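**Student:** model the structure of this input:
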Amino acid sequence: MNSVLPVHVSHRRIFIVFTRYPAPGAVKTRLVPVLGAQGAADVHAAMTRHAVRTAANAMAVHEFSLEVHFDGGDRNGMRTFFGDEIPYIPQSGNDLGDRMRTAIGAVLHDGAEAAVLIGTDCPGITGALIGQAYAALEESDCVLGPASDGGYYLIGMKRDIPEVFSSVPWGTGEVRARTLDVLRRMGLKVVLLDELPDVDRPEDLHVWEEMERALALPMISVVVPVLNEGAAVGVTIRKALAGRNVEVIVVDGGSTDDTEAHVRRTGIRTVPSGPGRALQMNVGAAASHGEVLLFLHADTLLPARYDDMVRAAMEDGEAVAGAFGLSFDTGGRALDMIAFGANLRSRLLGLPYGDQAFFVKRDAFRRVGGFREVPIMEDVMFMGSVKKLGGVVILPQHVTTSARRYRELGPVRTWMFNQLAMAGYSLGMPLEGLARLYRGREPSIRAWVKVIADAWNERRST
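**Tutor:** Model (predicted):
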């Protein structure tokens, strides 16, 4: 098998996939009673292939070099199974701990600034999780990815710490606890990533089967334009990453606060862009790979299992786009009424706004030419164009968006500004002037009314 993977690139950060040659009877032996020797070997090969591809796809984003360290077989055999573009290095050492210590120590002594190593038993490892590991090492001595069996699926460090591999009862449920005890007794700072289930026993096979089903699903690309969003965007990204077979693309329009640091901690790297939400969303779409594009505001949280909802909506042959219902993160009669009105409008007219996390099939996005790069109303223009291609589905489930802009001037005043902006757009007001008026949050509604009246009179006269 010759897979299409990125070639090895020299970086100061090294990523090691630890695995074994998939010889029947020598791998996944606890699965042999239910799968047979060849079946167990096939599962091991498939899981290794998945781990290698996941790492290879993350190489360019997180700027590391990939190595596969193997036990059993030879390099030619590994190339046959897993592709010939990656360096294959035989493992060296007496037990698992000795082999990991040797591998990590070798790359760190060769000048690597950080080394991260994973096994292939946890198929839930993602590119974002790999990014989180390297981000954690910027602020800690060691990072561990806990496995559900009491071990760990990932370990990373910036300097050689051979003590963490000594006197550990490998193959038992005490591996992680013993490792953490060593690190803490040494006074070293360690970061724990999310716990993941591993696949070792027959009762674990459903984990791999679910991953295979997820990988067969149409990919959803979540595009998040940001500009000085700080801590808010971190929660937004993590909610989006909870979906299956999704990618999250954060497009930064020139933030000057700590947005980049918060994004990096989620394991995502930002894509740079010029300012302007329309431009940022177009840049994100161009960098995406999914069959469905979902555009998400940085202060809007997706509901649980949003990915299933989006795919189900897009299975409708007549639908080309859709959106969620709207709710706010704080209550109150005024905000509840505003959300009710927005949901009624979007359902009756099929015209959701951007804060409803609208989604669209890639082909439809391409056919309408993406977003018009205008200073305001880009979402209204876009959905108006998309509607001409097919149906727009409004889901009954709601996103939760921040009410911060409503709190600034009050819900009623902000709602009035929104309606006046829509009126100005409908009357053909120049978008540059409309954007200045809207974003400046002109406190005088009388001034807004005068501008709208002038636009109305001008339209009547022509």
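**Student:** all helices of the stretch 351-462 of the chain, in order?
**Tutor:** Taking DSSP state H, counting those that start in this stretch to define them, one finds helices in the stretch 351-462 of the chain at 362-367, 378-387, 404-409, 411-426, 431-439, 445-461.
**Student:** and those helices as JSON lines, adding mean neighbour count?
**Tutor:** In short, each C-beta sits where N, CA and C put it, glycine included. As requested, the helices of the stretch 351-462 of the chain are exported to JSON lines (neighbours: other CB atoms under 10 Å):
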{"stretch": "helix 362-367", "mean neighbour count": "16"}
{"stretch": "helix 378-387", "mean neighbour count": "20"}
{"stretch": "helix 404-409", "mean neighbour count": "14"}
{"stretch": "helix 411-426", "mean neighbour count": "17"}
{"stretch": "helix 431-439", "mean neighbour count": "16"}
{"stretch": "helix 445-461", "mean neighbour count": "13"}
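**Student:** which is the next helix or strand following the helix or strand harbouring Ala312?
**Tutor:** Using DSSP states H and E, Ala312 maps to helix 306-314. Following helix 306-314 in sequence order, the next helix or strand is strand 319-328 (DSSP H and E).
**Student:** run me through the strand neighbours of that next one, direction for each.
**Tutor:** Strand 319-328 has the following strand partners under DSSP bridges: strand 359-361 (antiparallel), strand 391-401 (parallel).
**Student:** then it to PDB, C-alphas only?
**Tutor:** Only the C-alpha atoms of strand 319-328 are listed here, as PDB (Å, rounded to 0.1, in the frame of the first residue of the first chain):
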ATOM      1  CA  ALA A 319     -31.800  21.500   0.800                       C
ATOM      2  CA  VAL A 320     -28.600  23.400   0.000                       C
ATOM      3  CA  ALA A 321     -28.200  25.300   3.300                       C
ATOM      4  CA  GLY A 322     -29.500  25.600   6.800                       C
ATOM      5  CA  ALA A 323     -29.100  27.200  10.200                       C
ATOM      6  CA  PHE A 324     -29.900  26.600  13.900                       C
ATOM      7  CA  GLY A 325     -32.500  28.400  16.000                       C
ATOM      8  CA  LEU A 326     -31.200  31.300  18.200                       C
ATOM      9  CA  SER A 327     -31.000  31.600  21.900                       C
ATOM     10  CA  PHE A 328     -28.900  33.900  24.200                       C
END
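**Student:** pretty sure Phe328 is touching Val399, no?
**Tutor:** No. Here Phe328 does not reach Val399: they are 10.0 Å apart, not a contact under CB atoms under 8 Å.
**Student:** where does this structure have low pLDDT?
**Tutor:** For the chain, the stretches flagged by pLDDT under 70 are 1-11, 440-445, 462.
**Student:** for the stretch 51-200 of the chain, which segments are assigned as strands?
**Tutor:** Applying DSSP state E, counting those that start in this stretch to the stretch 51-200 of the chain gives strands spanning 65-71, 88-90, 114-118, 142-146, 152-157, 190-192.
**Student:** what lies in contact with the fifth one?
**Tutor:** By that I understand strand 152-157. Strand 152-157 is contacted by residues 100, 104, 108, 114-119, 121-122, 125, 129, 133-134, 136-137, 141-147, 164, 175-176, 179, 193, 196, 198 when judged by CB atoms under 8 Å, 6 or more residues apart in numbering.
**Student:** contact partners for the residue nearest the centre of the chain?
**Tutor:** For the chain, the residue nearest the mean C-alpha position is Val248 (3.3 Å; CA atoms, centre = their mean). By CB under 8 Å, 6+ apart, the contact set of Val248 is Ala128, Val222, Val224, Ile237, Ala240, Leu241, Thr266, Ile268.
**Student:** what's across from it in the sheet?
**Tutor:** Val222.
**Student:** quick one: the helix or strand where Met337 lies to helix 411-426, angle?
**Tutor:** Using DSSP H and E, Met337 maps to helix 333-349. For helix 333-349 against helix 411-426, the angle by axes from the mean of the first three to the mean of the last three CA atoms, to 10 degrees is 30 degrees.
**Student:** who are the packing partners of helix 333-349?
**Tutor:** Here helix 333-349 touches strand 319-328, strand 391-401, helix 411-426, going by 3 or more CB pairs under 8 Å, 6 or more residues apart in numbering; DSSP states H and E.
**Student:** out of those, flag the one nearest His206.
**Tutor:** Across the helices and strands packed on helix 333-349, the minimum distance to His206, taken as CB to CB, is reached by strand 391-401, at 26.3 Å.
**Student:** any idea of the angle that closest one forms with helix 306-314?
**Tutor:** Using the same axes, to 10 degrees: strand 391-401 against helix 306-314 is 160 degrees.
**Student:** list the buried ones in strand 391-401?
**Tutor:** Residues Val392, Val393, Ile394, Leu395, His398, Val399, Thr400, Thr401 are the ones in strand 391-401 that count as buried (16 or more other CB atoms under 10 Å).
**Student:** equivalent analysis for stretch 295-315, please.
**Tutor:** Along stretch 295-315, these residues count as buried under the neighbour rule (16+ other CB under 10 Å): 295-303, 306-307, 309-311, 313-314.
**Student:** was I right to think Ala147 contacts Asp198?
**Tutor:** Yes. Under the criterion of CB under 8 Å, Ala147 makes contact with Asp198 at 4.6 Å.
**Student:** excluding chain neighbours, what is closest to Ala285?
**Tutor:** Of all residues not flanking Ala285 in the chain, Leu293 sits nearest, at 5.6 Å (CB to CB, 6 or more residues apart in numbering).
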